[in-house]
Every structure is written in structure tokens, then in C-alpha cells.
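>>> Predicted structure and sequence below. I'll ask about it afterward.
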Number of protein chains: 2
Amino acid sequence: MLNTYYTAMLSEKDIIFEIFQASQEKARKIGAEHVYDFSLGNPSVPAPSIVNDTIISQTESLDALSLHGYSPGMGQPEARAAIARHLSDRFGLPYQTDHIFMTLGAAGALAHALRAVTNPGDEIITFAPCFSEYKPYTAGASLKLSIVPANTDNFQIHFDAFLEMLNPSVSAVLINSPNNPSGIVYSAETLDRLSDILMQKSEEYGHPIYLISDEPYRDIVFDGVDNPYVARHYRDTLTCYSFSKSLSLPGERIGYLAVRPDCVGAKQIIDICPQISRTIGQNGPASLMQHTISRVCGRTSDLSVYEKNKNLLYDALLSYGYDCVEPGGTFYMFPRSLESDSVAFCKKAQEKNLMLVPGDIFGCPGHFRIAYCVPTERIQKSLPIFKELAREYGISGR
Amino acid sequence: MLNTYYTAMLSEKDIIFEIFQASQEKARKIGAEHVYDFSLGNPSVPAPSIVNDTIISQTESLDALSLHGYSPGMGQPEARAAIARHLSDRFGLPYQTDHIFMTLGAAGALAHALRAVTNPGDEIITFAPCFSEYKPYTAGASLKLSIVPANTDNFQIHFDAFLEMLNPSVSAVLINSPNNPSGIVYSAETLDRLSDILMQKSEEYGHPIYLISDEPYRDIVFDGVDNPYVARHYRDTLTCYSFSKSLSLPGERIGYLAVRPDCVGAKQIIDICPQISRTIGQNGPASLMQHTISRVCGRTSDLSVYEKNKNLLYDALLSYGYDCVEPGGTFYMFPRSLESDSVAFCKKAQEKNLMLVPGDIFGCPGHFRIAYCVPTERIQKSLPIFKELAREYGISGR
């Protein structure tokens, strides 16, 4: 009589985890230095020293009960205020403490956003390629997830397909820019067109269509790339952020949900978030982490290695004859696979100890994801293997 | 089009929070020293110094990426192993790492336990008086919660009522001993009788009835009170624990779910827990807290003040003519209110700046909860007011 839904999830393969396990297995057999694991999106640079300094100084100086005591349901007011200040200074929208809800990373923010602006049975639209966890996230909120096919030319939005799929049961649209897995940043033009459509359809359907913007990679954007702040382009926007990638704190599970101040129902959305928490067993991020974030919000790790890695890898892949849209941010790249079956392609790469993730799980077969959040030296050493792989497919580069 | 269910929750009054707010309001007006706030179950003693020492030493010594990096879905193996060792040494059941799942406190443990061993629409039975949050916890898992009326003689289980309510749609029974709000510890006799009934009915219905044991107060038990370990009394037991009360870390959100090793489906229950996490936006407790717990598991704060407070308050209340079952643990007491309408009684107490919680929200009207996790001096100063209140009701003590 165990839960049948969750039991069924067990038998679906978790492909990224399987690749990671295969990688560990290979490392045991042939030595870790011979395996090129590009499967996991785990930051490879340390948190800036101010993070650990703050953890230690807070632990040493705060009164025991405020340090480890319960936080209010919406999060510590100091952390919420610091985030509101940071967002309004940086993006020019008048966020106040009341517009911020502290969460367990972006996953926690999405769990609240997805439940707040929908009712069970509603539809959510997102765009391929997209993060594979959107499926369980929406299923857990009893929502129907529809995925607009990818615009593989540039991984901006495929608007014709989107317009065909929009219908009155859609309560929210979910986007992720900079994007996992493509590394693409949505342009201001893309966001403006999306906004126009959502405004028009909200009016036509007689209810707001909310825009849920999943932004854990907001701060990893490469030189010269314009990274428009999504909420500036559409009023009814809920922004989901995580400090996992920008501060290299993925295990500490801290982030926030920010509602644009003039969003329809802004106050009520934040008010109901703690009610949602009560039904899904959450009580906000760890107290010590909230104390820390309220003092380091706006800082980042040294993220420059990701751009260095991107340049090295992207230039090399192009010269070997791979076809890839150049990432504008994140630590992912999403080239076309050298045969149309990307699962078969990734298996072939795996035989050469290159651990890549097929695009199928991101709703975009025919591509593969490289997570290049690894030491640059690992990228360098992997290049001859990418080259050899291309040659075996009969592809010659420049 | 905001969520109607969560919006409706907003209009239900959160009585404990309202009392706490009234208390803050009074404190502003007349000074905090004149308000006796017994509304919140927030530990009043600091974490033992080994906790902060460990937080600091881990932060200083661990490699940045292991310190703050992602933990596996089930939690850090070191923390799980330390907990399994602690439980098997202490209670003589052969727990292994594989039987432990790390959670966001007891709320997170219950969120997983309640979803793992049920299917939507199933029924859960619990016993009054019970923690008021069991309603949203079960509602969030789409379960029907039935509450067996209290046995107000001693707050052990009202077995006749329980037997009448048991039926084949019951997948699990939820207990909480030591109990919030009564402070009562279930006796070995109670647990054995419960176990006999569950075994018999599991056989009769042809499916296991799981016992979910919510034990955040396990370590706060008073001198001479027998505190049987629930899972020793029934095979199919899921134990939900939190370090919030025993280590005074409520804000850090760390606890675990332990499945008795020979429980039906033990391995599968733990295996599906990370799948559940994926649908409710959780990814386990903060990494730094897991590192810390793996080194301090089994330690507690100096919990002796709670017993001191209990003795002082209990003896005084009895001498003033109050009727109360003596708590065996926790930091709660649940006397009979001096009029049958406990909401009216608590209002009257509130006029005298005594902040108490009516038993109605715990499924047991006619009683009130005192949370005596406050400095002993506050208890002492409040005694004349309890005495005066009894006199006004025409009750004279010894």
C-alpha cells in the first residue's frame, strides 16, 4: 500500500544520476584522471571568503536563541529587506520587504510560486529545452505541464508554437533564462514579445497569466551579453532565485521568491506562501543561512572560470565541426549531437570516457548537454576526445 | 485566479499566532516584563556549546565544495550513519544508514512519511489532543485526517473510540509521545495495546497499517518517567525526529525519518523519499547542519530547566485548585480550563496578561496549553496571576 505514484517514479530512470554513477564506476576502474565527467551542474568554485567569515562571526556573536531560533514563516525580516534593497537598487523596481519570501533554493521558490498562482488541474507552459525537474515540480502541485518545442536556431522562444498552445486553462508560463541546459539568455526582444502576448491573452481570457521566472543563473552571464531582468518586462512576474550558483552554496538550500510590486495580487501571493509551506513540510531555509545572506546578499563567488571554460570549449568544438548555439551565461552548453539519436551519441561518447547528458530529458532530442563547471585543465584534457569523436562520425572541422 | 485552497487558509485564524501578536502588542504598551507569554513552543535554553564549536570548526576546516555542496537526495551518508548508530546503540534495533532519511525537521519527516505509506484519499487516524499542524500536513498529502477524542482522564489513548473509527481506508496511525500539548508520555501498556490492535487490523484488512511516530520531544522526559521507544513496540513504524527541541535548533530545520529495519517495505519507503522531495520542493537540510549533526548526534542542550519549570508550575496550579494531568515530558502542560468554554477562559486570562492557548485547536476543548519553555523567573512571577484567576472563578485550592 505504498504510494503508487512515487513508486512508479522509482522505475523511471534518472538519466543524469545514472551517468554520474557510470562515471564514478569508471573512475574506480581506470582512475578519475581518465574520466571526463560533464554530467552534473555543481559549482566548481568556492564560496567567497566573506560567506564563511560571516557564518563564523554570526555563530560567535549572535545570542543563541536568535542564531538558531525559529524564523518567521516568511523568513527573517533582515534577509528579506536586504534582498528587496538589492533588487530595487539593481533593477529599479520598488521591491520592499513585503515582496520577498525566503525559500529553500530555487526548488523551494518554484514549489511556492507554482502553487500560489494556480489551482489543481491548471496548465503551465514552459519552453524546451528546459530543466528536467519541472516535471515533478508541476506534478506535485497537480498541474499539467506543456512544453513548447525548442527553437533550435537560437534557443529563443518558438512563438508560433507557443501561440498555438496557449489556452484559457493556462495560469502561468515558466521560463528559465539564463537557461539550463542551453546557456542561452533571452533577449529583451524575446521578453517584450512574450510580455505582449501574455498581456493580450490575459485580457482575452479574463484572468492574469503569471510569468514564473526561474533565475538561479542570473549572475553567471558572459562578457558583452545583455541579460535583461525578466520582471522589468512583464508586470505579473514571480521571480525565483537561488544563491546556489552565484555564491556556490547549493547544499545550503537558500533562495527567495520575489513578486513584482505591482503584480496582480502581489500582497496575497506572499501572504499565502507560508500557508503553502504548512502543507509541504517546509519552514524556510536554515536560520544561520538567513542571517548570513542578510549580510552578503549581492556578493558572488569568482565566476570568471565559467566564461574561460566556455570560450575554450566552444571555440574548440566549433573548430572540430560541432554545431552549437553560443551560451550567453550559466555553465552549460547544448551542442547538436553528431547523430540524431542523442542517447546513442552520448553512449558512444561514454565509451571514450566523456560523460555527457542527452537532450531528450530536457525536451530537446538531437542535442547533448555539457556541464563545464569543472577545473579548466579538465576541459583542456578532454578536447582531443571531442575531436576524435567528431572524426569517427566523419566530421571534419576547420 | 490565485489558489483558492491556500487563500481560504488565510481567513482561518491562526490562533497561536494571534495570541503571540496580542502578546507583542501588550509588551509594547505595558512593557514586556508585565506580559506572561506562554503561547509558543520555542526552546528557551541555548544549544550546547559543542554545536557552535562544530559549526565553526567545520566551516574552517572542510573543503569549500564539500562544506556547501549538494548533499545526496537521502542526506549525507555520515549523518545518516551517525543517527543509525545512535538509534541502534540506544534502542537495540539494528538500524543501518539505509534506514535513515535526512529531513527538514519533524515537519519535513512527516511530509515524507505521510506521502510514502499512503495514496491520495486514504485516511490517517490520530489522537486528541494533537498538534494543530497535523491538519495542513495531511491535507497537503490529500489525506483525510480523523481525530480520536481525548481520554481526558490521563491523555493515554481512548481505545474504544479508536476501535470504532478504524476501517480499511486507514493506511496509517499518527501518534506524538511525549505529547504536544499535554506533555503526556504514552506508557508501554498503551503502546502494546495499540500494537496488538494494529497487527490484528492489518491482517483483517489485508494491508499494513503503518504507525507514524512524531517524536520531537523524545529527549525531554522527566525524572522517573518511563519513555518507551515507540518503534520497539510495533514493527511497521516510521519514526519522525527533529533536533529542534533536544538541541535547541528549531530554526535550522534538521531532523530525520527512521524506518524500523524489519518494517514492511522498509527499503522502498526510504528509496521513494527523495522522489517525494522532488515534488514538494525540498532537497534536504542545509549541508553545514548535516555536517554538524553527524558530529553531535546524541548530545542535547541542558534540558533540566523544563522539569524545574514543570514542577514549580504544576505544584502551584494544583494548590490553586486547577485540574491537570501531570506531564511526563516536553515543555507543555494542558490543564482543564476553569469554564467549559476554553476560548472564553483564555480571553479572560489574556486580560490579566497571561497568554495561554485554548485546547480547541488541539482537538480538545475545555483545556488550555501552557508552553513553559521560558525562564523560571517568569513562571514564578506569573503564579499570583494564575491564583487570582482561579479565585475569580470561585475556585479555592489547598
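Received it, and whenever you're ready, just let me know what you need.
>>> Are stretch A:205-220 and chain B in contact anywhere?
Yes. Shown here: stretch A:205-220 in contact with chain B (Cβ under 8 Å from any Cβ of the partner chain) through A:207-208. No exception for glycine: its C-beta is placed from N, CA and C like everyone else's.
>>> where does the stretch 251-398 of chain A dip in pLDDT?
Judged against pLDDT under 70, the stretch 251-398 of chain A has no low-scoring part.
>>> the helices in it, which residues?
For the stretch 251-398 of chain A, the helices defined by DSSP state H, counting those that start in this stretch occupy A:266-279, A:287-296, A:304-319, A:342-351, A:376-392.
>>> out of those, deepest packed?
Highest mean neighbour count among those (mean count of other Cβ atoms under 10 Å in any protein chain shown): helix A:287-296, with a mean of 24.
>>> Tell me how far that helix lies from the chain's centre.
Computed by Cα atoms, centre = their mean, to the nearest Å, the chain-centroid distance of helix A:287-296 equals 22 Å.
>>> what packs against that helix?
Contact analysis of helix A:287-296 by 3 or more Cβ pairs under 8 Å, 6 or more residues apart in numbering or on different chains; DSSP states H and E lists helix A:49-61, helix A:64-68, helix A:77-91, helix B:287-296 as its packing neighbours.
>>> Next, the angle helix A:49-61 makes with that helix.
120 degrees (axes from the mean of the first three to the mean of the last three Cα atoms, to 10 degrees).
>>> So which residues make contact with helix A:287-296?
For helix A:287-296, the external contacting residues (Cβ atoms under 8 Å, 6 or more residues apart in numbering or on different chains) are A:48, A:50-51, A:54-55, A:58-59, A:62, A:67-71, A:75-76, A:78-79, A:81-83, A:102, A:243, A:247, A:249, A:252-254, A:284, B:55, B:251-253, B:286, B:288-289.
>>> buried subset of the residues you listed?
A:48, A:51, A:54-55, A:58-59, A:62, A:67-71, A:75-76, A:79, A:81-83, A:102, A:243, A:247, A:249, A:252-254, A:284, B:55, B:251-253, B:286, B:288-289 (16 or more other Cβ atoms under 10 Å in any protein chain shown).
>>> SS state for A:I125?
strand (DSSP: H, G, I helix; E, B strand; the rest coil).
>>> does chain B sit close to stretch A:330-341?
No. Stretch A:330-341 does not reach chain B (Cβ under 8 Å from any Cβ); its nearest approach is 14.0 Å.
>>> With stretch A:39-57 instead?
Yes. Applying Cβ under 8 Å from any Cβ, one finds stretch A:39-57 touching chain B at A:42-44, A:46-47, A:51-52, A:55-56.
>>> Could I have the CA atoms of that stretch written out in PDB?
Below are the C-alpha coordinates for stretch A:39-57, written out as PDB (Å, rounded to 0.1, in the frame of the first residue of the first chain):
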ATOM      1  CA  SER A  39      27.100  15.400 -16.200                       C
ATOM      2  CA  LEU A  40      26.400  17.500 -13.000                       C
ATOM      3  CA  GLY A  41      25.700  21.200 -12.600                       C
ATOM      4  CA  ASN A  42      27.600  21.500  -9.300                       C
ATOM      5  CA  PRO A  43      29.500  24.800  -8.900                       C
ATOM      6  CA  SER A  44      33.300  24.200  -9.100                       C
ATOM      7  CA  VAL A  45      34.400  27.400  -7.500                       C
ATOM      8  CA  PRO A  46      34.400  28.100  -3.700                       C
ATOM      9  CA  ALA A  47      32.000  30.500  -2.000                       C
ATOM     10  CA  PRO A  48      33.700  33.900  -1.500                       C
ATOM     11  CA  SER A  49      35.500  34.100   1.800                       C
ATOM     12  CA  ILE A  50      33.000  36.600   3.200                       C
ATOM     13  CA  VAL A  51      30.500  33.800   3.400                       C
ATOM     14  CA  ASN A  52      32.400  31.600   5.800                       C
ATOM     15  CA  ASP A  53      33.600  34.700   7.700                       C
ATOM     16  CA  THR A  54      30.000  35.700   8.200                       C
ATOM     17  CA  ILE A  55      28.900  32.200   9.200                       C
ATOM     18  CA  ILE A  56      31.700  32.200  11.800                       C
ATOM     19  CA  SER A  57      31.100  35.800  13.100                       C
END
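>>> average pLDDT across it?
Average pLDDT, stretch A:39-57: 95.
>>> Up against chain B, what does the stretch 251-398 of chain A have?
Going by Cβ under 8 Å from any Cβ, the residues of the stretch 251-398 of chain A near chain B are A:251-254, A:265, A:268-269, A:271-272, A:275-276, A:278-290.
>>> rerun that using 10 Å as the cut-off
A:251-254, A:264-265, A:268-269, A:271-292, A:301 (Cβ under 10 Å from any Cβ of the partner chain).
>>> And what about A:L145, helix, strand or coil?
Recorded secondary structure, A:L145: strand (three-state DSSP).
>>> was I right about it contacting A:Y137?
Yes. The pair formed by A:L145 and A:Y137 meets the contact definition of Cβ atoms under 10 Å, at 8.4 Å.
>>> who's more crowded, those two?
A:Y137 (24 against 19; other Cβ atoms under 10 Å in any protein chain shown).
>>> I'd like to know how far the more buried one sits from chain B.
7 Å (Cβ to the nearest Cβ, to the nearest Å).
>>> do you know how far that residue is from A:A161?
From A:Y137 across to A:A161, the span is 22 Å (Cβ to Cβ, to the nearest Å).
>>> Could you do A:V325 as well?
Distance, A:V325 to A:A161, using Cβ to Cβ: 18 Å.
>>> How about A:I175?
Counting by Cβ to Cβ - A:I175 and A:A161 are separated by 15 Å.
>>> Over to A:D219?
30 Å.
>>> Looking at those two, which is more packed in?
Counted by other Cβ under 10 Å, A:D219 and A:A161 do not tie: A:D219 has more neighbours, with 19 against 15.
>>> Could you verify my assumption that the more buried one touches A:S246?
Yes. In this structure A:D219 lies within contact range of A:S246 using Cβ under 10 Å: 3.9 Å.
>>> shared neighbours, those two?
Counting by Cβ atoms under 10 Å, 6 or more residues apart in numbering or on different chains, the contacts common to A:D219 and A:S246 are A:298-301, A:303.
>>> If we only consider the residues of stretch A:39-57 next to chain B, which is nearest to chain B?
A:P46 (3.3 Å; Cβ to the nearest Cβ).
>>> wait, what's in contact with that closest one?
Contacts of A:P46 (Cβ under 10 Å, 6+ apart): A:52, A:247-248, A:301-302, B:63-65, B:67-69.
>>> same thing but at 8 Å, please
A:248, A:301, B:64-65.
>>> would TSV of those residues with neighbour count and distance to A:K347 be doable?
As requested, these are exported to TSV (neighbours: other Cβ atoms under 10 Å in any protein chain shown; distance: Cβ to Cβ, whole Å):
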residue	neighbour count	distance to A:K347
A:S248	27	32
A:S301	22	34
B:A64	19	34
B:L65	17	29
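>>> Output these as CSV; include the columns distance to A:Y229.
CSV is the format used below for these (distance: Cβ to Cβ, whole Å):
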residue, distance to A:Y229
A:S248, 22
A:S301, 21
B:A64, 29
B:L65, 29
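>>> In those residues, find the pair that's most separated.
Largest separation among these by Cβ to Cβ: A:S301 and B:L65, giving 11.1 Å.
>>> joint contacts of these two?
A:43, A:46, A:248.
>>> Show me where the stretch 151-300 of chain A has its strands.
Assigned by DSSP state E, counting those that start in this stretch, the stretch 151-300 of chain A shows strands spanning A:170-175, A:210-214, A:237-242, A:255-259.
>>> a markdown table for those, including mean neighbour count and distance to B:S396?
What follows is the strands of the stretch 151-300 of chain A, written out as a markdown table (neighbours: other Cβ atoms under 10 Å in any protein chain shown; distance: least, Cβ to Cβ, whole Å):
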| stretch | mean neighbour count | distance to B:S396 |
| --- | --- | --- |
| strand A:170-175 | 24 | 62 |
| strand A:210-214 | 27 | 62 |
| strand A:237-242 | 26 | 60 |
| strand A:255-259 | 28 | 56 |
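>>> just so I know, which of those lies nearest B:F386?
In terms of Cβ to Cβ, the element of those nearest to B:F386 is strand A:255-259, at 43.2 Å.
>>> That's all I had, so thanks and see you.
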